[in-house]
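K.L.:
Provided below for reference: sequence and predicted model.
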Amino acid sequence: MNLSKKLKNRVSELQSYQDNRGRFHHLELNGEISSRMTFEDKETVVWCVNDYLGLMNNKESKQLASEVTEKYGSAYPHATRVAFGETKHHSEFEEELADFVNKDAAYLLNLGYAGICSIIDALTDRHDTIIYDQAVHACSIDGIRLHNGRKFSFRHNSVAHLETQIKRALKRHNPETGSILVIIDGVYSMHGEQAPLKEIVALKKKYDFCILLDDSHGFGVLGHSGAGAAQEQDVEDEVDIYVATFTKAIGSLGAFVAADKTTIDYLRYNTRSQIFSRTIPLSQLLPAQNNLRLLRKEPGRRIKLWNNTVRFQSGLRKLGINIGEPESPITPIQIIGSTDEGFEVLMDLRNNGVFSYLVFYPVVPKGTCLIRMVATYNHTAEDIDHTLDVFKKLTKKYPERLLQNYGVEKVVNSDKQTNIQDEDLLMRSTIQGGK
């Protein structure tokens with residue numbers, strides 16, 4: 001069959017809404033990244049930008065980017081690091097990152113998505129076994145797809161099922177030739193819950209495996225110094241490989257991986273997405289480095305972020321809206337109904353000056369949707385109270401869709417016991433936030 005003809009008949013869930021481009025997806029927000037931006041020429045309170053600590057637009061970092069661009073150009077150094085793309089700034093930033101997350105060494109990644117995908121590929125061969133939470137981000141799923149050895153998934157945040165899958169894997173695993181890699185997220189990007197790291201670490205002490213933690217939404221936000229979910233749960237020393245991006249808490253492009261020196265030295269020479277593509281340009285790296293220093297110097301940013309998070313989430317709960325049990329600034333407004341019904345609620349929000357976007361099947365079960373909202377340092381009390389007032393109106397208009405006493409929780413959790421086959425899960429389409 002001709003490929004073009006074949007693709008014409010292969011329409012994904014998101015593609016089926018292509019007539020709504022610009023309103024449902026591929027949305028155009030205007031203005032500086034902040035809590036208020038412009039959509040369709042109207043000011044709106046924005047709840048979908050992961051600028052947790054309000055660092056994307058700080059003047060000092062913007063000035064650094066401007067100066068280095070003026071001096072060297074926006075793409076400098078225009079090469080891979082293993083060729084001639086090394087600068088002292090790259091090595092210095094790696095040392096600062098390793099120190100911040102309490103690891104021996106760190107290695108910069110030009111993009112988080114490609115980086116973690118390639119790291120999984122580099123770390124494992126056909127003798128190794130991968131076991132992963134079914135809710136890990138799409139970047140990990142794509143890395144797992146590359147693995148030509150055994151792979152098992154476990155039900156989201158189910159430590160009991162993880163142990164079952166470890167036992168299952170051990171029956172076919174040769175410890176003389178292979179290792180077991182367990183892949184989890186520190187904070188899951190759709191519902192905002194943390195991984196049960198303490199319980200997983202307890203299993204690690206019982207069985208011999210390595211933990212790879214994607215902490216893109218925990219880095220800079222969780223823990224007493226902002227070092228992430230592992231610090232928050234006091235298990236930093238037990239997480240073997242730590243990955244996080246700069247696109248969330250420190251407002252820039254790029255990412256990093258941190259681990260023991262042996263692992264980082266290996267990844268430095270074997271991570272294909274880094275060896276065969278350009279390094280992070282200084283116009284992005286220097287602002288990221290400066291923002292990390294601001295994060296460490298200004299703990300008040302995290303305090304305000306969490307005050308805003310508590311104010312917003314507690315206000316929604318008082319209205320009877322089902323947001324599940326988030327343990328992060330990610331706040332999922334859980335809607336019972338079809339994608340079209342969820343879109344209707346979303347458009348009513350926007351018409352009332354509140355902006356976010358809709359998450360639907362296959363990211364969440366059929367019959368439900370999420371309006372994913374993220375509290376940030378930039379939000380004001382006025383922003384939060386206005387948004388809560390709008391939701392109060394919508395609970396009266398759509399009580400069966402928004403209020404938890406209409407049985408949303410039952411529907412949302414209905415597939416948690418489903419034993420999805422590993423290969424089926426790997427081939428599922430995903431619509432998740434980019435790294």
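P.N.:
Thanks, I have the structure now.
K.L.:
Check the average confidence over whichever strand or helix holds F256, would you?
P.N.:
Per DSSP states H and E: F256 is located in strand 255-259. Strand 255-259 comes out with an average pLDDT of 98.
K.L.:
Tell me if A114 really is in a strand.
P.N.:
No. Counting by DSSP: H, G, I helix; E, B strand; the rest coil, A114 falls outside a strand, being helix.
K.L.:
Isn't it up against S277?
P.N.:
Yes. In this structure, A114 is within contact of S277 by Cβ atoms under 8 Å, at 7.5 Å. Backbone N, C-alpha and C define where each C-beta goes, glycine included.
K.L.:
Among those two, which residue is more densely surrounded?
P.N.:
A count of neighbours by other Cβ atoms under 10 Å puts A114 above the other of A114 and S277, at 20 against 15.
K.L.:
ok so, going back, tell me what the strand holding F256 is packed against?
P.N.:
Secondary-structure packing of strand 255-259 (3 or more Cβ pairs under 8 Å, 6 or more residues apart in numbering; DSSP states H and E): helix 88-100, strand 105-109, helix 112-123, strand 241-245, helix 261-270.
K.L.:
and among those, the most buried is which?
P.N.:
Sort the helices and strands packed on strand 255-259 by mean neighbour count, taking mean count of other Cβ atoms under 10 Å, and strand 241-245 sits at the top with a mean of 28.
K.L.:
mind listing the strands in the stretch 1-150 of the chain by residue range?
P.N.:
For the stretch 1-150 of the chain, the strands defined by DSSP state E, counting those that start in this stretch occupy 29-30, 36-39, 42-46, 105-109, 129-133, 150-154.
K.L.:
Measure how far stretch 276-295 is from the centre of its chain, please.
P.N.:
The chain centre lies 19 Å from the centre of stretch 276-295; the measure is Cα atoms, centre = their mean, to the nearest Å.
K.L.:
and if you look at stretch 375-387?
P.N.:
22 Å.
K.L.:
Show me the shaky parts of this protein.
P.N.:
Counting by pLDDT under 70, the chain contains low-confidence residues at 14, 16-17, 20, 22-25, 404-435.
K.L.:
Can you find which helix in it contains the most residues?
P.N.:
Ranked by residue count under DSSP state H, the longest helix found in the chain is helix 300-318.
K.L.:
and the next element down the chain from that one?
P.N.:
Downstream of helix 300-318 (by DSSP H and E), the next one is strand 330-336.
K.L.:
Please work out which residues outside that next one touch it.
P.N.:
47, 187, 189-192, 217, 309, 312-313, 316, 321-324, 326, 341-342, 345, 359, 367-375, 391, 400-402, 404, 406-409, 411-412 (Cβ atoms under 8 Å, 6 or more residues apart in numbering).
K.L.:
Now list the buried members of the residues you listed.
P.N.:
47, 187, 189-192, 217, 309, 312-313, 316, 321-324, 326, 341-342, 345, 359, 367-375, 391, 401-402, 404, 406, 408, 411-412 (16 or more other Cβ atoms under 10 Å).
K.L.:
and the residue lying closest to E43 once chain neighbours are set aside, what is it in contact with?
P.N.:
The shortest distance from E43 to any non-neighbouring residue, by Cβ to Cβ, 6 or more residues apart in numbering, is to R36 (5.7 Å). Applying Cβ under 8 Å, 6+ apart to R36 gives the contacts E43, T44, V45, V46, D383.
K.L.:
Tell me the strands beside the strand holding F256, with direction?
P.N.:
According to DSSP bridges, strand 255-259 forms sheet pairs with strand 105-109 (antiparallel), strand 241-245 (antiparallel).
K.L.:
Output the ones you listed as CSV; include the columns distance to Q134.
P.N.:
Output for these, formatted as CSV (distance: least, Cβ to Cβ, whole Å):
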stretch, distance to Q134
strand 105-109, 24
strand 241-245, 19
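K.L.:
From C369, how far off is the closest residue to Y361 other than its chain neighbours?
P.N.:
Spatially, and ignoring its direct neighbours in sequence, Y361 is nearest to E13 (6.0 Å; Cβ to Cβ, 6+ apart). According to Cβ to Cβ, to the nearest Å, E13 and C369 sit 11 Å apart.
K.L.:
Need the overlap of contacts for the two.
P.N.:
Contact with both E13 and C369 is made by residues T339, F360, according to Cβ under 8 Å, 6+ apart.
K.L.:
N270 reaches I120, doesn't it?
P.N.:
No. Look at N270 against I120 with Cβ under 8 Å: they stay out of range, at 11.8 Å.
K.L.:
sorry, back to before: to E232, which of the helices and strands packed on strand 255-259 lies closest?
P.N.:
strand 241-245 (13.0 Å; Cβ to Cβ).
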